[in-house]
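> Pasting the sequence and the predicted coordinates here, then a few questions.
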Amino acid sequence: MPPQYRQAGPDNPSRKVITHVCGIVGYAGAHPALPFLLEGLERLEYRGYDSAGVALVESEGVYVEKAAGRLSSLVAVVDKSRPAHVGIGHTRWATHGPPTDDNAHPHTDCAGRVAAIHNGIIENYRELRAELEKSGHVFSSETDTEVIPHLLEAGEGHSLGERALYARGRLEGAYAFLAVSADEPDAVVAVRQASPLVLGLGDTGNYLASDITALLPYTREVMILDNGEMAVVTGRGVEIRDAAGLVVDRTASHIEWTTEEASRGGYPHFMLKEIMEQPDAWADCLRGRIGADGAVILEELGLRPGDLERVLRVQLIAAGTAYHACLMAQRWLEEWARVPVRVDVASEFRYQHPILSPGTVVVAVSQSGETADTLASVALAKDAGFPVWAVTNVVGSTLAREVHRVLYTRAGPEVSVCSTKAYTTQLLVLALLADALADVHRPEPRSSVIPHLQSLPALGAAWLRERRDLGASVARVAAAPSVFYIGRGLDYAVALEGQLKLKEISYIHAEAYPAGELKHGTLALIEPGVPVVAVATSAALMPKVRSNIMEVRARGGSVLAVVPESLADEMQDLADAIITIPATDERVAPVLAALPLQLLAYDVATALDRDVDKPRNLAKSVTVE
Ligand code: M6R
């Protein structure tokens, strides 16, 4: 395939601009709004962001200031003497789309009298923008967000609350937005549709934020907006209306969290928070990437007819956890699309004079997009003239800028060094890619994996809600000098990830093996009490895995089995402990199996009092060789 792909960047109209996991703050009250807005945004910095902005309501219009980069860039340019008592502020963390001044929020209407900020995805923004442009509205950014102030402007003559209800009826997707208008200088309106939004009630004013962290120094009395609700917030009070437009009577809750707890959403560690966020991250990752007919839409690849047919081989390159995601993807790609795949660790690929044959697409996978070895491998593949795509979580990362095309994982900022939600969203993106390739390389009828991918967020959420007690297994693993993980097929790939999680944060030696490989040497290490985590999600492979478990049991090994509910009976007589995951299609079950493996590592590390989010000797981005 010739290197016909355009650089990912602002000149590429096919990419979808999505702002997601952004920070939102708003204030209406007796004090000047700006100090709270800036402090609130600072408190949301931990979420990660790439630009920031504020809007203050003044009688002659709305004053807007915004800047790409750190909050300090905004602080340097904003006019701090503005006395407005009503305003909104935003930190944007773009998962797709360039972090520029123009794309930073707030966005305004044509007259500069309405400003809005938003978190989430407006799925029908293209249609809305086309419609609004046709009726004369002029847009100045590439974001989906900008349709909001223009929709509000279109409702001129009505109250801001009515206009917000109108906008809510027109917008599709998962989002939360705040808006202000110079025509109603005492109010902020807020709409929540699946993205978080909290109201804070103070003595001298009322607050809004995407995250309780921003509010805590000002108030601990909060109301959480429900999906579909709209609120009008003034210094005098708060009025909430439900999806039918009826006034909602809501009592405030008192929040006891410390500020530090709040920044982790109340969780003791970022890792646990990020584990629990996975179902939402999965939903965001899949959003807009599957058509009504079940076909995969990978718009960001800017594919032309025949491009996927011309992909004859795939070379996957990554490090650590991302490498494990690639090993899973290799099996999907080869099995579903029958396209040969090679997977290399980036630090090896760059020095092994790789042979890349014509028709190869190189796909580099990296959460941070800054891993030095991965970047060097990408440079090598590009120099050799091959198309290079990336799967990454960070917009504007070096990797995203270097490759020809990018698929973003949309997991939101991952703070814990130990990767969790980035891994599982990498799996989903790679599964979509495998399915898209399967569609063209194996057009014969097959059972679609897509509905099963789509059901993962609900299944994962249900499992995490109940969060199985791993009790005795945690104590057993925590006391062991060495732990082994086994699995076959896809389960071997997820076992590799499980063992990395454990050793990374608990400092316990762990190794993963294809289950059938134990007897070729490692079985010598199995003696009474040695924990063996067996992942067995495939009915077809179950008899084989059972035999391998028997080999372990015969040497006194203590087996913790991770199996779907539908296969739990197979383990009753064999395993010392069983963790079940929801029954689902075997092709995607290992994605769910990652959850208990992550939690096992987390529980063991906390039992051992390890520094879970910042394990010794490790960094979040490995930018050196
Ligand atoms: O940012 P990247 O995905 O390129 O990072 C690669 C590895 O350093 C990373 O996955 C590492 O293995 C994680 N800390 C594992 O949890």
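Structure's in. What do you need? Residues are numbered from 1 along each chain as shown.

> what's the neighbour count on the residue of the stretch 251-400 of the chain at minimum distance from the ligand?
Proximity to the ligand, evaluated over the stretch 251-400 of the chain using Cβ to the nearest ligand atom, is greatest for G320 at 2.0 Å. All C-beta spots, glycine's among them, are computed from the backbone N, C-alpha and C. Neighbourhood size, G320 [other Cβ atoms under 10 Å]: 20.

> Hmm, it is touching K501, no?
No - between G320 and K501 there is no contact under Cβ atoms under 8 Å: 10.7 Å.

> contacting residues for the residue of the stretch 251-400 of the chain closest to the ligand?
Shown in contact with G320 (Cβ atoms under 8 Å, 6 or more residues apart in numbering): S419, L500, V622.

> what's the pLDDT at the first one?
Each residue has a pLDDT score; the one for S419 is 97.

> and whichever helix in the chain runs longest with the ligand, contact?
Ranked by residue count, the top helix of the chain under DSSP state H comes out as helix 421-441. No - using Cβ under 6 Å from any ligand atom, helix 421-441 never reaches the ligand; the gap is at least 6.5 Å.

> The ligand contacts on the chain?
Counting by Cβ under 6 Å from any ligand atom, the chain sits next to the ligand at 319-322, 366-368, 371, 374, 417-419, 500, 504, 621-622.

> Highest neighbour count among those?
S366 (33 neighbours).

> Give me the nearest residue to that residue, chain neighbours excluded.
Computed as Cβ to Cβ, 6 or more residues apart in numbering, the closest residue to S366 that is not its neighbour in sequence is T374, at 4.8 Å.

> now do R129
In space, and not counting its chain neighbours, R129 is closest to V147: 5.4 Å by Cβ to Cβ, 6+ apart.

> which stretches of the stretch 351-500 of the chain form strands?
For the stretch 351-500 of the chain, the strands defined by DSSP state E, counting those that start in this stretch cover 360-366, 388-392, 405-408, 482-487.

> partners of the third one in the sheet?
I take that to be strand 405-408. If you go by DSSP bridges, strand 405-408 pairs up with strand 388-392 (parallel).

> what mean pLDDT would you report for the partner strand?
Strand 388-392 carries an average pLDDT of 97.

> residues of it that come out buried?
The neighbour-count criterion (16 or more other Cβ atoms under 10 Å) identifies V388, W389, A390, V391, T392 as the buried residues of strand 388-392.

> and if you look at stretch 242-254?
Within stretch 242-254, the residues scored as buried using 16+ other Cβ under 10 Å are V248.

> Also stretch 395-402?
Neighbour counts over stretch 395-402 (16+ other Cβ under 10 Å) mark V395, G396, S397, T398, L399, A400, E402 as buried.

> For the residues you listed, point out the one with the lowest pLDDT.
Lowest pLDDT among the buried residues of stretch 395-402: G396, 67.

> Can you name the element that comes right after whichever strand or helix holds E127?
According to DSSP states H and E, E127 maps onto helix 125-134. Later in the chain than helix 125-134, the nearest helix or strand by DSSP H and E is helix 147-154.

> hang on, the earlier thing: the longest helix of the chain vs strand 388-392, what angle?
Helix 421-441 runs at 140 degrees relative to strand 388-392, counting by axes from the mean of the first three to the mean of the last three Cα atoms, to 10 degrees.

> In contact with Y207, which residues?
Contacts of Y207 (Cβ under 8 Å, 6+ apart): 25-27, 36, 40, 199-201, 214-215, 218-219, 233.

> which residue packs closest to the residue in the stretch 101-250 of the chain positioned nearest to the ligand, ignoring adjacent ones?
Relative to the ligand, the nearest point of the stretch 101-250 of the chain is I121 (23.3 Å; Cβ to the nearest ligand atom). Leaving out its chain neighbours, the residue that sits closest to I121 by Cβ to Cβ, 6+ apart is G173, at 4.5 Å.
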